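>>> Quick one, what's the 3D model for this:
(chains A and B)
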Amino acid sequence: MGKVTEPEVMIGVPGYEQPVEDAEKQAGGSLLKIVVSRLNFHYGPRQVLFDVSLQILQRKITALIGPSGCGKSTFLRTLNRMHETVRGTRAEGEVLLDGRNIFDMDVVNLRRRVGMVFQKSNPFPKSIFENVAYGLKINGTMRRAQVAEVVEKSLMRAALWEEVKDHLHKSAYALSGGQQQRLCIARALAINPEVLLLDEPCSALDPIATAKIEELLFALTGSCTIVIVTHNMQQAARVADQTGFFLLGKLIEFNKTDIIFKNPARKETEDYITGRFG
Amino acid sequence: MNSRLGWRKFVNAFMLTLTGLCALLSVSVLLIVLGYLGWNGWQYLTWTFLTHLPAPVGESGGGMANAIVGSAKLLLVAAVTGIPTGLLGGIYLAEFGGRTFAFLVRYSADLLNGVPSIVMGIFAYTVVVLPMHHFSALAGGLALGVMLIPVVLRSTEDFLRAVPNPLREGALALGASKWKAIATIVIPASIRAIATGALLGLARVAGETAPLLFTSFNNQFWSHGLNQPTASLPVMIYQYAISPYADWHRQAWAAGFILLMLVLIANIGARLILSRKSPAPRG
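Residues are numbered from 1 along each chain as shown, chains lettered A, B, ... in the order given. Down below sits the predicted model:
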């Protein structure tokens, strides 16, 4: 705890030190999609994130790991400003999406570009079709045939089409837990977001359903930037290109997944991934 | 030692009996009222009663068709004024309300709920009857509508709060504005419960007499539109029950029976709607 109080520790991650102005430049062959600089977050009087800075690569998977209550979910929710739905929260710092600060953007536009899938699947009490079409309908303008087309495409991208194509108009609640979570992913994909945030999407699922979702994440990397919060370190090791380790509201270490898991620079990271705490 | 134990046992048995008796008494009062009203009312209920105007004083026979229609008119005005106000206010409290203002609104609604109904009548008399210079269904309906507001407001607020938060977040995360999320997800998820609350509120004000005495007043004949003094079942019961004629007493019983049936049907219907809940989410 005492060791990690200096802010330098969180920023000085080797290989990712380029200043914010160079955000658009290439980093290891990939473009930077999101650049977070010195993000501080407060719930009322309690500070839960301290000077977090990291860069998220375009069309790659970034995993955030750490023990419960370390702030990784809070961090994820600030990326599309979902934290604003909770009274008394305050985020300070800069989050650049394609070089523009998200706190200066219209929140509705931001959330259409940065979609989110939650820990517990939350389908609407509507049919499967209406769930996926919801984001299109509230945006207006699309013709019905076109909506049906996008719904089909989104369900295919979420690897759910084969299982539901014969009962699209049944209630979403009739699906299993894993199917519901893939439905929520399809729903988020329907509006074609540039970034998809996933908050422990597999924590309530069995290993088979989890494997399906992980496959689907791999398939999405060609078209979508993915940030996933997980308490499952094997999952981070399996799916992520880069991984960040959070502890007590601080980003302890952020690097390529290989390096984090095989050769972590910080002792806290090593202790956590070898199971010494958490 | 032994005598204290005996005393303790006696107190225990005595209090248990006392609470049980009072519980029994409260249930039996309801059953006696229902049974007595049912027995007497059913006996005097005739087709003529449902379809004819009241007979002139001194003649027997006649009915209360005008009061049945009048009550329906009053409830319509009450529903049109009270339900939208309570509904939208409830949505504000549940979804948008800050701390201080929401507290004030909630507290005022509870106070308004406790205001004696005759005071509501005086209010409607002052605001509607005095400027218009005559009694009207409009005035009576407004008095009932004002009574309906806090009931609908609080029930709407409670039912909206019961909608799980992840549904709201799901809609917001898809780029819905707050109102869009409320209108397309939150309200549809609780619409049956909200409708039930409104129905129960209507059933409650349907039996109110005091606010109607000097607002819609009464009428022995058909009233046209909303602008004339209008007969209603509760006021008719009051007038007939205090009259000296045995025939009128019988008609008051029948009217009471009709009113009771309306309230019972609304209550049972509401429970039925509410019990047909959509299945809970799995996973």
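>>> At the contact with chain B, which residues of the stretch 101-250 of chain A appear?
Selection of the stretch 101-250 of chain A residues close to chain B by C-beta under 8 Å from any C-beta of the partner chain yields A:108-109, A:111-112, A:115-116, A:118, A:120-126, A:134-135, A:137-139, A:171, A:173, A:175-178, A:180-181, A:184, A:187-188, A:191, A:204. (Glycine included, C-beta is placed from N, CA and C.)
>>> please redo it, this time with the cut-off set to 7 Å
For the stretch 101-250 of chain A, the contact set with chain B under C-beta under 7 Å from any C-beta of the partner chain comprises A:108, A:111-112, A:115-116, A:118, A:120-125, A:134-135, A:138-139, A:173, A:176-177, A:180, A:187-188, A:191, A:204.
>>> Mark which of the residues you listed are part of helices, please.
Judged by DSSP state H, helices contain the following of these: A:108, A:111-112, A:134-135, A:138, A:177, A:180, A:187-188.
>>> on that earlier part again, show me which of the residues of the stretch 101-250 of chain A next to chain B are buried.
A:108, A:111-112, A:115-116, A:118, A:120-125, A:134-135, A:138, A:173, A:177, A:180, A:187-188, A:191, A:204 (16 or more other C-beta atoms under 10 Å in any protein chain shown).
>>> The closest residue in space to B:Arg271 that isn't next to it in sequence sits in which helix or strand?
With sequence-adjacent residues excluded and distances taken as C-beta to C-beta, 6 or more residues apart in numbering or on different chains, B:Arg271 is closest to B:Thr196, at 7.9 Å. In this assignment (DSSP states H and E), B:Thr196 forms part of helix B:187-206.
>>> Go ahead and confirm B:Gly82 touches B:Pro150.
No: at 9.2 Å, B:Gly82 does not count as touching B:Pro150 under the criterion of C-beta atoms under 7 Å.
>>> re earlier: just flag the most distant two among the ones in helices among the residues of the stretch 101-250 of chain A next to chain B.
Across those, the longest distance by C-beta to C-beta is 29.6 Å; it joins A:Val108 and A:Gly177.
>>> Which member of the ones in helices among the residues of the stretch 101-250 of chain A next to chain B is positioned nearest chain B?
Checking those against chain B with C-beta to the nearest C-beta, the nearest one is A:Gly177 at 2.9 Å.
>>> And that closest one, how close does it get to B:Val151?
39 Å (C-beta to C-beta, to the nearest Å).
>>> swap in A:Ser223?
52 Å.
>>> Quick test: name the residue nearest the centre of the chain.
All of this refers to chain A. Centroid-nearest residue in chain A, with C-alpha atoms, centre = their mean: A:Leu197, separated by 2.4 Å.
>>> The intended chain is chain B.
Note on chain B: the residue nearest the mean C-alpha position is B:Arg204, at 1.5 Å, using C-alpha atoms, centre = their mean.
>>> all helices for the chain, in order.
Unless you meant another one, I'm taking chain A. Using DSSP H, helices in chain A cover A:8-11, A:72-79, A:107-113, A:128-138, A:144-157, A:161-164, A:177-190, A:207-220, A:233-239, A:257-262, A:267-273.
>>> not quite, I wanted chain B
Secondary structure of chain B (DSSP H): helices located at B:2-44, B:47-51, B:65-91, B:100-114, B:117-124, B:130-132, B:137-161, B:165-173, B:178-181, B:187-206, B:210-213, B:233-241, B:246-275.
>>> CSV for these, including mean pLDDT?
Listed next are the helices of chain B as CSV, based on pLDDT from 0 to 100:
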stretch, mean pLDDT
helix B:2-44, 92
helix B:47-51, 88
helix B:65-91, 94
helix B:100-114, 90
helix B:117-124, 92
helix B:130-132, 91
helix B:137-161, 94
helix B:165-173, 94
helix B:178-181, 93
helix B:187-206, 91
helix B:210-213, 91
helix B:233-241, 92
helix B:246-275, 87
